[in-house]
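Peer 1: Compute the structure for the input listed below.
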Amino acid sequence: MRRFLIALQFLTIFTLKKDLKVTNEDLAASTTHFPLVGLTLGVTLVIAQWLFSSILPQGVVNGLLMVLLIICTGALHLDGFADTLDGIAGGMNRKSTLKIMRDSQIGPFGVVGLITLLLTKYLALNELTESLRNRSLLLMPSLSRWTMAEMAYFSEYARKSEGVGQPFVELIRKKEVLISGTIILIISSVLMAYKGILILAVIALWTFIASKYFNHKLGGVTGDVLGAINEFNEVLILLLILVLWR
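Peer 2: Residues are numbered from 1 along each chain as shown. From the prediction side, this is the model:
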């Protein structure tokens, strides 16, 4: 429970225990609970969907669900997505790319990327059938947050200085990945049967390939990259659901 609270407080704005003492080892071990934190977010979205849909059109509800998810996560991963795009697009080499990613200012590539990402997510949510909607709202945040643990395990830390993502990347163990992987396998299969397992396999393979790309491009990953893979995978999960249920 303690490490679940650590994961919850790190990935969301919810602080249930203000005096919780956290070590770097605790942060890395909390990745075991990343899928469960995602599932908690998913349950929040499903409850909101149920409340809003009784008084508002579904298109408006989908927009509010996106806003709710952004609020619950403090836009942490969206910031990482924008910073990563700016760095990859504007950096001439590894050093300049990492420097751009650390800049607090958002660049044109980050802005366009965020608009495209959010628009695609909104359109994908609009295409979900009523029978798929709740299951998708549960799977999307659960699976995407597990991929941050997967990427951390298969990557080096890109910076020489300390950063938010350093404890996760440098201290995560096989044990955490296996346990969290088992949890997300159960969640995926319960929610969507064999198609859920197929989605998990595709997302896991893509995330592994992405980790190899960043290891080559940047010498590893940063907290921004982990956030970026979470945001990208949320959209990709929704698109895969739409493809498989056509």
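Peer 1: Would you mind finding the longest helix in the chain?
Peer 2: In the chain, with assignment by DSSP state H, the single longest helix is helix 174-218.
Peer 1: what about it, average pLDDT?
Peer 2: In this model, helix 174-218 carries a mean pLDDT of 97.
Peer 1: Number the chain from 288, please
Peer 2: In the new numbering, first residue 288, that becomes helix 461-505.
Peer 1: helix or strand right after that helix?
Peer 2: helix 510-531 (DSSP states H and E).
Peer 1: Give me the distance from that next one to the chain's centre.
Peer 2: Relative to its chain's centre, helix 510-531 lies at 7 Å (C-alpha atoms, centre = their mean, to the nearest Å).
Peer 1: Could you do stretch 308-322 as well?
Peer 2: Mean C-alpha position of stretch 308-322 versus that of the full chain (C-alpha atoms, centre = their mean) differs by 16 Å.
Peer 1: What does Tyr444 show for phi and psi?
Peer 2: Backbone torsions for Tyr444, taken as degrees, to the nearest 10, come to phi -90, psi 130.
Peer 1: Quick check: which element contains the nearest residue to it once chain neighbours are set aside?
Peer 2: Leaving aside its sequence neighbours, Tyr444 sits nearest to Val456 (C-beta to C-beta, 6 or more residues apart in numbering; 4.3 Å). From N, CA and C alone the C-beta is placed, and that goes for glycine too. Under the criterion of DSSP H and E, Val456 resides in helix 453-458.
Peer 1: now that helix: mean pLDDT?
Peer 2: Summarised as a single mean, pLDDT over helix 453-458 is 91.
Peer 1: Pull the residues that contact it.
Peer 2: 311-312, 314-315, 318, 435-436, 439, 442-444, 446, 507-508, 510, 513 (C-beta atoms under 8 Å, 6 or more residues apart in numbering).
Peer 1: go with 6 Å
Peer 2: Applying C-beta atoms under 6 Å, 6 or more residues apart in numbering, the set of residues contacting helix 453-458 from outside is 311-312, 314-315, 439, 442, 444.
Peer 1: same question, stretch 307-325
Peer 2: With C-beta under 6 Å, 6+ apart as the test, stretch 307-325 has contacts from 290-291, 293-295, 298, 428-429, 432-433, 436, 454-455, 458-459, 463, 466-467, 470-471.
Peer 1: With stretch 475-482 instead?
Peer 2: Under the criterion C-beta under 6 Å, 6+ apart, residues 422, 425-426, 483-484, 487, 531 lie in contact with stretch 475-482.
Peer 1: Three-state assignment for the residue sitting furthest away from the middle of the chain, please.
Peer 2: Centroid-distance maximum for the chain: Ile342 at 29.7 Å, with C-alpha atoms, centre = their mean. For Ile342, the assignment made with DSSP: H, G, I helix; E, B strand; the rest coil gives coil.
Peer 1: Thank you, goodbye.
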